[in-house]
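> From the sequence below, what's the structure:
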Amino acid sequence: MSTDRSSGRPAADVLADLASWRAGDPPTHGGRILSYVYDPGRADLDDVAADAVRMYMPVNGLDPTTFASVAELESRIVAFARDVLHGDEQTVGSVTSGGTESCMLAVKSARDLWRATHDPTDRPTLVLPTTAHPAFHKAAHYLDLDVVAVPVDPRTGAPSAADVLARVDERTALVVVSAPSYPFGVIDPVAEVAAAAGVPVHVDACIGGWVLPWWGGIDQPWDLAVPGVTSVSADLHKFGYAPKGASVVLYRTRAQHRAQYFATTAWPGYPVVNPTMLGSRGVGSMAAAWAVLQVLGTDGLRDLVGETRQATDALAVAVSQIAGLRVVGNPTGPLVAIATDDAADPADQVDPFLLIDAVRRRGFLLQAQPAMTQGDGSVLPRTAHVTVTPVTRRVVGELVAALTAAAAEVRGLPAAAPDPSLASTVLSDGLPDDLAVVMATLEALPPEVVQPLLVEVLAATVDPARTAPSGR
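Predicted structure coming up:
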């Protein structure tokens, strides 16, 4: 094909290219992908979201004093979230591009407020369980904090409040707890930590914020109803069913929210005031988030949570009945981590990485989570991660059948082991279809080796030198 880019192409041809590339992706609807996508199983929500995105496609969220509708949207979404997460009239916040940005802004706010009362040459810390989302490690990297990681119980997946509180000192700018944590789906001891921390406490409810309010049977408070919780993040593009690019971060006080902002007049152009990490920002996903929330209302959200819980409970019971497997801890919410039942006879044990490959061959995509050695020497098990959504209820029987058959296929086989030669093969040939050995190799490599390797693998996927010539 010609490499001439000077002439345009018919729109139909361009869209055909996009369609052909999308055809190679796994199906984002129907409950076959059990991570990354959040399918409510309602086409009407897709339709209203798409209409809202199109309506706001040209709008720039940089300046809500020019595009007043942006301020209208954002204030209404924050008010909705404030009610759901038990804030009060002092609670304020922002709509962000996703959970990572929400978490980073909460860290930025806490860091700046900490610096205002400490020696500016001191370095603040971020205290968090090992199960806290990597967004907080990213925030610490970008914003110049030290991470103090607290081990969790390998059987329950949760930290003890005493262990978290023992790491809080005069350098602590923020303590992070999760509701629930992504790896194991358990709620950290939010109330116990917040009651005694004496410093700002952030609840990462990016997964749980739009689920736990209607889950039922939760005997521990976890949101802004808890005294001592100072900020909460909750993703609209997860169980708020908005298109990717929408989350909310809430603060108990306006002073904390203002500390999130960046403002400068140190140039001859327009005065710059950015509430979030972005300057210019698309408003389509924000508009879609508001539209979906309005169509659903809290009753609609409750109904979808009910479907999600039915599927989650059925899945957890089924896994507990498959020889060689176990659910880690006692998850609360739509996340399930499946580990080897190490109490079973070796001949009956099922390796999660082998299980994931065998389940994929049966049409479902689970997510591999490598084992991790914590700072105290205890080891968190390798697991197969499942994110359950409302649409999972329609296919949970098929999913259980796939898990049962896949477990039978790999039961008693040696656990996937690392292959030291694999790195060079992956870099030259790309990832294989079966990833058990790949994940085992990554699990075994030290961080200083595996992290640059991961960068190379991912960067190679978008390197023009690796792309088949297309001319466009």
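> any idea which element D357 lies in?
Element membership for D357 (DSSP states H and E) is helix 352-360.
> Also T230?
strand 229-235.
> Can you spell out which helices and strands pack onto the worst-scoring helix or strand of the chain on mean pLDDT?
Within the chain, confidence by mean pLDDT, DSSP states H and E is lowest for helix 422-429 among all helices and strands, at a mean of 80. Under the contact criterion of 3 or more Cβ pairs under 8 Å, 6 or more residues apart in numbering; DSSP states H and E, helix 422-429 touches helix 436-444, helix 447-461. Yep, even glycine has a C-beta here, placed from its N, CA and C like the rest.
> Just tell me which of the ones you listed ends up closest to H86.
For H86, the closest of the helices and strands packed on helix 422-429 is helix 447-461, at 38.2 Å, according to Cβ to Cβ.
> one step back: quick check: can you name the pairing partners of the helix or strand just after the helix holding D357 and their directions?
Using DSSP H and E, the next helix or strand after helix 352-360 towards the C-terminus is strand 367-369. Here strand 367-369 is paired, per DSSP bridges, with strand 383-387 (antiparallel).
> I'd like to check the angle between the strand it pairs with and helix 352-360, please.
40 degrees (axes from the mean of the first three to the mean of the last three Cα atoms, to 10 degrees).
> okay, the angle between the following helix or strand past strand 383-387 and helix 352-360?
Proceeding N to C from strand 383-387, the next assigned helix or strand is helix 392-410, under DSSP H and E. Put simply, helix 392-410 runs at 120 degrees to helix 352-360, going by the same axes, to 10 degrees.
> Could you list every helix and strand that helix 392-410 packs against?
helix 284-320, helix 352-360.
> Walk me through the domains of the protein.
The chain breaks down by automatic domain parsing into domains covering 50-293, 422-466.
> which one of those lies closest to E307?
domain 50-293 (11.0 Å).
> Check the separation of the first and last residues in that closest one.
One end of domain 50-293 sits 14 Å from the other (Cα to Cα, to the nearest Å).
> And stretch 235-244, by the same measure?
With Cα to Cα as the measure, stretch 235-244 spans 9 Å from end to end.
> So what's the gap between it and the chain middle?
Its chain's C-alpha centre and that of stretch 235-244 lie 11 Å apart, by Cα atoms, centre = their mean, to the nearest Å.
> Name the residues that touch it?
38, 40, 42, 45, 49, 53, 77, 95, 98-99, 102, 206-207, 209-211, 234, 245-248, 284-285, 288-289, 292-293, 296, 301, 304-305, 308, 334, 389 (Cβ atoms under 8 Å, 6 or more residues apart in numbering).
> now the nearest residue to V84 once chain neighbours are set aside: how far from A289?
Among residues not flanking V84 along the chain, P213 sits closest, at 5.4 Å (Cβ to Cβ, 6 or more residues apart in numbering). P213 sits 17 Å away from A289, going by Cβ to Cβ, to the nearest Å.
> Looking at these two, which is more packed in?
The residue with more neighbours, out of P213 and A289, is A289; 29 against 21, by other Cβ atoms under 10 Å.
> And the nearest residue to that one once chain neighbours are set aside, how close does it get to V283?
Ranked by Cβ to Cβ, 6+ apart and with sequence neighbours excluded, the top spatial neighbour of A289 is A242, at 3.6 Å. As judged by Cβ to Cβ, A242 and V283 stand 12 Å apart.
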